[in-house]
Structure formats: structure tokens, C-alpha cells
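Q: Dropping the sequence and predicted coords here.
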Number of protein chains: 2
Amino acid sequence: MRVLAKDIIQAARDKPGETVEVKGWVHRIRELGGITFVILRDRSGILQLVLEEKPDLTLESVITATGMPALNEKAPGGTELKVQALECISRAETDLPYQVNGDVSKTGLEAILDNRALSLRNPKIRAIFKVQATIIEAFSAYLRSQDFTEIKTSKLVGGGTEGGSELFEVEYFDRKVYLAQSPQFYKQIMVASGMERVFEVAPAYRAEKHDTPRHLNEYVSLDVEMGFIESEKDLIDLEKGLLTHVFAEVERKNKAELELWGAGVPKAEAVSKAPIVPYEEALKIANAEGEKHKGGRIFDINPEAERFICEWAGREQGIELVFVNEFPRRHRPFYTYPLDAARTMSFDALFRGLEITTGGRRQHDYNAMLEVLPKFGLKPENLAGYRAFKYGCPPHGGFAVGCERLTQKILGLSNVKEASLFPRDRKRVEP
Amino acid sequence: MRVLAKDIIQAARDKPGETVEVKGWVHRIRELGGITFVILRDRSGILQLVLEEKPDLTLESVITATGMPALNEKAPGGTELKVQALECISRAETDLPYQVNGDVSKTGLEAILDNRALSLRNPKIRAIFKVQATIIEAFSAYLRSQDFTEIKTSKLVGGGTEGGSELFEVEYFDRKVYLAQSPQFYKQIMVASGMERVFEVAPAYRAEKHDTPRHLNEYVSLDVEMGFIESEKDLIDLEKGLLTHVFAEVERKNKAELELWGAGVPKAEAVSKAPIVPYEEALKIANAEGEKHKGGRIFDINPEAERFICEWAGREQGIELVFVNEFPRRHRPFYTYPLDAARTMSFDALFRGLEITTGGRRQHDYNAMLEVLPKFGLKPENLAGYRAFKYGCPPHGGFAVGCERLTQKILGLSNVKEASLFPRDRKRVEP
């Protein structure tokens, strides 16, 4: 019966004097005074194997070892295994193109991504995706606790609701369709269908040509939509509760992973203090901060402004999380609900210097939507899907959290691509 | 403070004599002896509103009503609301193209799908997706309890591992990529990365031209992959545990939905008795059953055979769930692990007459994979991604459950498209 590395201590205590079997990868080999130390890596952690005879092993080979656990303060985790028998299940060739047990901070991003299948073996790199799994789990669990229903909608759409410039085209039998930029339309339809509260975890696509540390052409969108809201403030409340739960779960389940990255998550009390700042005021704050940095004038909540506003909030409120609301009409899609002639009931969430969420209340009145279309260069045909809103639709709104961006900012990664298992950019479509 | 339809009874008991507020859609209007009965529909169920004056309402309008709850045995759910004030939040136009409160069994599938945004308002149709949400939640929860990690992998791939005839082509900047048929390669890479046990819930694409009640061109694939297995039997054990949990959760959470469809799920004891039948034996069973139906000879586990084999199991074992294993080499992809020269360590799960799962142990030895390539008309270039297997890979395997097919078979739907929120077939890409 196999025992995981992390459970060896307990196995030794429960059944002293009994041999155990371990399985995993050869992480490191070291010889010292006739004894060989092999660091075994499995899904739970690492374990030191002690061998009296020099084994014929290569790094990254997969092995099974049986032996007697023994306490050793100097061994990682405080235990080691005195090996009695060792079997190589899968022998690794020696021309390893990526040093799995190396220092990640000294490896360039391109090398990490080019050798993705091997770089993911590094515990620090794999830790990113343990945290991401917790984010997805906690996001879903929190929303279910609030009576939201998980949905799965099509990623192949006949046309872009918001215009077609950033869409990837798909050859679909004898016609062309597009990869969905977001489940926006579908989640609104599902609110109007009477499900009222829905969420979706699914890929989203942007055919943007930029190659920046904050963009991915394919990303995991954590989408939320709910009916019977008054304004975007209901959504901000929901997202505060949601982030509080996500942070708490990451802290509870991913202590080791946070430690590897020297990272921490905000406490519930801090999240509750995250300020809500109207767009115009946020611009002033960004410019005031900018002056300190002797920057030029800022006319928009651009990436620089996002950093400045979070710096301000960190200093003033003790948390680098800010909800900027009341975005101007011209900055938001046609379906955004108006606050007045110039402003909308919309918001962005900025976390640690990066926009991680966009959301807002949506127009639920079909005729009001029709009216604004010309201002956005759209035609009534673009609204065909929204016809169901003519037959009763509650006030509603929602938001989307970029899963990779949230992962990135929780761990302090410098590029969002690090937080995507198999990132897609203009040049990269493999592995 | 809003109260949901399902909570009205409790509200009346907790605070007798207090008015409550309800919100929802106008499902039905009936006048009787000067009194108007409005059936309100919200996400939790339906509630009878009683109005002394005739309201100016249309079917499907969204309303808010306040009033006093009262017990009434004749009302659905045993309670009704004596309305004191009523507000129409969103007035529905009267040319409703789909009768939401109609009898689903009398509506054709095309009408249901053409009017998807409205047909989903029908409680019986929406129930399908409440069950589907439970399936996804239970699938994920069970695998997490077995130490599996959720992953999200790219759906844009450079080429098809298994050949390119059934792939959708995507214009990706200045080159062509394809929509992934399955996360097969990625989940294997993640096992080899040391995560060992992974699962994914994500869309998968098949550019198949058939239009049958069992095919979708885009479906939700529930994928599993695990390391350190001996044979496909370990996977069948895992799937039995998984299905047992999924069925139990659907039974626990979706009583009302099962009732609407007159459906039930197998008990744990029945699932444990599901037989494992080798391919050749399964063919014999199919032919023996076929003779009873005076059908022609069956040479393959085709849709007809799937029905016959499940009928046999239902009669002999008391459950229409069968694991057919040991598929011939020629029926399985190149990466399937051999049992002997002719057979493989692979399996299908058939449930209530339909294949819902395909899986098997995979070849983890890179050189062994290289050797079989020519038999499958593949070249070493097709294996580029699997290079990481040269550097240590544990024995492993996995399977994929078709989410829509499982939903279909649990509820007894006649077409898998009914179990997809926004199904895609050769002709349908909207809504």
C-alpha cells in the first residue's frame, strides 16, 4: 500500500517498525560518505530516501521504494526512508532540456513556457495551479451557497454582441462562427430564464494582438450574473463576499504554496474596507499619485492608473483592492445600465495594481437598449438575441473575474502567462 | 425583504400576520368568480397570488407583490398570497412566440431550441439544467475528495493528436489552429507533471457531420486522469465511486426535478453490481439479445448493441450500467495500453442504452508509443508533445464522461440536445 510523502511521519507513528511503500519522481540525488540520498517527489511533497548502495538512477525517473521510515531532523519534513528495495518504473533519459529542481527565479519565462511539460514538475511552478484550483473551487462553492446555479454555455457564437474586431473566426461546416469573448449574452438569458442567479467557469477568447504581461488570448473567465439588483453596489457587495471566501480558502488550503511564493492574501476585515471610488474621483487619485512619481497626466484608468489607485488604497485603507464605479457611458458596452446621461452603473475591481474584474448592472428594457444602439455603431440586428427581454426581464447585472489575473496577483507573479497552464499568445499555440 | 416561493410557508409560520414581498414571473392568470389567481414563478418554484381586483398583467411579465400568506390546501405548495400591492417591473409583450406554461411533451424539439431563451423558462425544461449543475458539482466534489486537482487547459491546439478529420479550424492571427477534441494530451501531461490526479470540466469539439439524437458538435466533457494505476479496472472502480456519488447527490438535491421528468437514479448497491464485460463477450450478449428482437447480426458495439447490452444487464443484474472492457487494438487510439497483441486495457461505460464514458490505461513508455505509430498512420512528428514522457512518466489512465449524455440518461430525455443549454449542430449556431 502506497504512502504519500506528507503522510510518512504519521505512518511511522501509527505502525512503528513496519515498512512502507512510496512512489514518485527522482527530484535530486546526492552522495555523501558512501551513502546516497535520493529526494523523492510525489503529488504531496518530497521525501528523503537513504540508500546504502549507489542506485542506478537518473533525475526525473519514476520509482517505487519500500523501506523503514525514520525520524531525522535534518531531512526535509523531519522524516526519511531507509530503503530496502527500489524499482525504477520509468527511466528518464539524461538529456533533460529543463532543470526541474532548479531555481525558478533564475529561469526566464520563455524557457519555462517552451518546456511547459517539464517546468510544471517544479514544485514552485506547480504550486501556482494548486492555488488556481482552490480559487475555482472557492468561487463556485461561495456562489452555490448564495443560491447560484452553475451553467455551461456555448463558446461558438454567430456574431459578437459588442462588435467583431477582436474575435477569432472558426470554420464551422459551411459557415463562419466566432469564439465567444464572454458568456455575457448567455448569462443574461439565463437570469431572464428564471434561474435568476447563475455562474460559469469557462474559457473566453480575445483576438487582441498585444503581448503584455497582463493579456492572454485565451483565459478562464469566472462569470457571475444575478437578477433583482438595484445597482452595481449589490454586485460589489457580492464580490466582496466572494473574494473574502476565496482568500480564506487559499489561506486554509494553500499555506505551503503561498509560502513557496512568499505571498499572502488579504483578511476578511481588510476586504470589507476596500473603498468604492467613482471614476472621476479615481482619476484624480491616480493623478495625485502620479505627481509623486513625476509622471505625465493620466486621462483614463489605464494600467498605470490601476497601480497608482491601488497604492493609494493600500496606504489609506490597508488593502490594495479598490472598486472603481460610475464609469462614463463611452467606456462601457451598449447594454450597460445608465446612472445618468453621462455615467453608468458599472465598476471595475482593481487588486494589487491590476484590473481583475469588470461588471455592472445591465439594461433589462429591450426598447431602451434599442435606443442607444446607434451611439455604439450597432444595428437592431445585433440585438436579435435579446428579443427574449421583450417578454419580461428582471433588473440584473453581473461581473467576470479573470481567473489567471487573480491567481497572478495572489501569488505576486510578474506575468499573467505564468498563471495559465498552457498559455496562448500571438506566437504560442504549443504545447 | 424578498421571500422565495418555496419559503412562504416558513415565513407565514415564523412571523404570522406579517406581510411578505415576492418577486418573479407571471406564469399563469385565471379568473374565477370575481377573483384573479396569478401563478408567480421564481427560481425556487411557484406560488399562487390572490387578487380581489383584476390586475393589468400579461403572461411572463416580471412583478413584485406584497401581501399576506395564507394556508390553502388547494393552492400549489399549500400556501397562497393575498395580495395587497402589486408592481409590474417589466411588462411582457403579448405576442409570446413560445408558450412557457405549456406541456413540454407536446412541443417539438425544434420549437424548444429555436425559442431557447423562452423555453428555458418552463420549469420542466429548466429542471434539466438544475440536474446538470448537480452532476458537475458532484463530479468535482468526489474527485477532490480523492485528492484530484482541477485543471483548465487550452482548447486551441496546434494539431490533432489523433488525426485531423474531425477538427474545427480556427483562424489564429496568421496561422491555423484547431478546437480541441479532448484535453487528452494535457491531462496526461499533468499526471506526468507530478499532479498525478487531475480532472477538468470544459467544452470539447467534434466536427462530425452526423445529426443524431446522441451527437453534439460542442459538448461538456468531464475528464479524469490518474497516475500509478495497474489497469483499466482501477479506472472502472473510480468511475463506480464517482457515479454512485453523482446519483446520490442528484437524488438528494433534485427530488423535484426528477419528479417532473418521472425519473430516478440507481442506488449505490445497484451501481456496485454493474458488470464488467470484455468486448468479445459483450458482442455475444448483444447478438443474443438481438436475436430476441429478430435483428441482424451485430459486428461492433454500435448504438443498437449498447441498447441490447444494457437491457441484458438490467434484466440480469438489476442495473442498466455496464463496463465493456478489453476493446480490440484497432478500435482504440494509438496511446491506449495493450493487454496483449489484440486487446487493450480500455473500456466504455454504457448507461441506460448509451455510451456515456470512454477510457483506458495509456501507454506511458515513449518508445513503445513510437513503435505503434505506423499502424495508426501517424508519424513521429505527431508525438512531439509527448516528448516529456521520455523523462519519467508513471503508468496512468483516465476517462471522460459526456456531461450532456449523463444528464440525458438520468432524466430519460430522448435527444442529447435537450441536455445542452445552447446546443450546436451542423445547422444550429444560435442562440
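A: That came through, no problem. Small disclaimer: the values here were computed from a predicted structure and weren't measured.

Q: What's the local residue count around residue A:206?
A: If you count neighbours by other Cβ atoms under 10 Å in any protein chain shown, residue A:206 ends up with 17. Every C-beta, even on glycine, is put in place using the N, C-alpha and C of the backbone.

Q: Chain B versus that one, what's the distance?
A: Distance, residue A:206 to chain B, by Cβ to the nearest Cβ, to the nearest Å: 12 Å.

Q: Isn't that residue up against residue A:180?
A: No - Residue A:206 lies out of contact with residue A:180 (Cβ atoms under 8 Å); the separation is 10.3 Å.

Q: Now list whatever residues contact both of those two.
A: Among the neighbours of residue A:206, none is also in contact with residue A:180 (Cβ atoms under 8 Å, 6 or more residues apart in numbering or on different chains).

Q: I would like the residues contacting the host helix or strand of residue A:176, please.
A: Using DSSP states H and E, residue A:176 maps to strand A:175-179. Residues external to strand A:175-179 that are found in contact with it (Cβ under 8 Å, 6+ apart): A:155-160, A:164, A:167-170, A:205, B:170, B:429.

Q: hmm, who's touching the following helix or strand past that strand?
A: Toward the C-terminal end, the helix or strand that comes next after strand A:175-179 (DSSP H and E) is helix A:184-190. With contacts defined as Cβ under 8 Å, 6+ apart, helix A:184-190 is touched by A:149, A:151, A:153-154, A:157, A:161-162, A:198, A:200, A:223-225, A:335, A:362, A:385-386, A:388, A:396, A:398, B:116-117, B:120, B:421-422, B:431.

Q: Then stretch A:139-151?
A: By Cβ under 8 Å, 6+ apart, stretch A:139-151 touches A:183, A:186-187, A:190, A:195, A:197-201, A:222, A:224, A:226, A:238, A:241-242, A:245-246, A:249, A:401, B:43, B:129-130, B:133, B:136-137, B:140, B:421.

Q: that's a strand at residue A:222, yeah?
A: Yes - read with DSSP: H, G, I helix; E, B strand; the rest coil, residue A:222 is one of the residues of a strand.

Q: what's near enough to touch it?
A: A:135, A:136, A:139, A:199, A:201, A:400, A:401, A:402, A:403, A:406.

Q: OK, contacts around the first one?
A: Residue A:135 makes contact with A:222, A:246, A:250, A:403, A:406, A:407, A:410 under the criterion Cβ under 8 Å, 6+ apart.

Q: So what sits opposite the closest residue to the fourth one other than its chain neighbours in the bridge?
A: Computed as Cβ to Cβ, 6 or more residues apart in numbering or on different chains, the closest residue to residue A:403 that is not its neighbour in sequence is residue A:220, at 3.8 Å. When bridges are called by DSSP bridges, residue A:220 pairs up with residue A:203.

Q: Report how many residues lie close to residue A:220.
A: 26.

Q: What distance do you get for the closest residue to residue A:261 other than its chain neighbours to residue A:127?
A: Leaving aside its sequence neighbours, residue A:261 sits nearest to residue A:411 (Cβ to Cβ, 6+ apart; 4.5 Å). For residue A:411, the distance to residue A:127 equals 8 Å [Cβ to Cβ, to the nearest Å].

Q: Next: residue A:195.
A: Counting by Cβ to Cβ, the gap from residue A:195 to residue A:127 is 36 Å.

Q: Comparing those two, which residue is more hemmed in?
A: Taking other Cβ under 10 Å, residue A:195 and residue A:127 do not tie; residue A:195 has more neighbours (24 against 20).

Q: which ones are touching the more buried one?
A: Residue A:195 touches A:149, A:151, B:43, B:120, B:126, B:129, counting by Cβ under 8 Å, 6+ apart.

Q: Please apply the same query to residue A:201.
A: A:136, A:139, A:140, A:150, A:220, A:221, A:222, A:223, A:403, B:152, B:201.

Q: and the residue nearest to residue A:314 when sequence neighbours are not counted, how many neighbours?
A: Leaving aside its chain neighbours, residue A:314 sits nearest to residue A:320 (4.2 Å; criterion: Cβ to Cβ, 6+ apart). By the criterion of other Cβ under 10 Å, residue A:320 has 22 neighbours.

Q: Correct me if wrong: residue A:320 contacts residue A:310.
A: Yes - counting by Cβ under 8 Å, residue A:320 does reach residue A:310; the two are 4.2 Å apart.

Q: list the residues that contact both of the two?
A: In contact with both residue A:320 and residue A:310: A:350, A:351, A:352, A:353, using Cβ under 8 Å, 6+ apart.

Q: out of those residues, who's nearest chain B?
A: residue A:351 (19.9 Å; Cβ to the nearest Cβ).

Q: Smallest gap between the stretch 201-350 of chain A and chain B, at which residue?
A: Closest point on the stretch 201-350 of chain A to chain B, by Cβ to the nearest Cβ, is residue A:220, at 4.8 Å.

Q: so that residue touches residue A:202, yeah?
A: Yes - look at residue A:220 against residue A:202 with Cβ under 8 Å: they come within range, at 7.3 Å.
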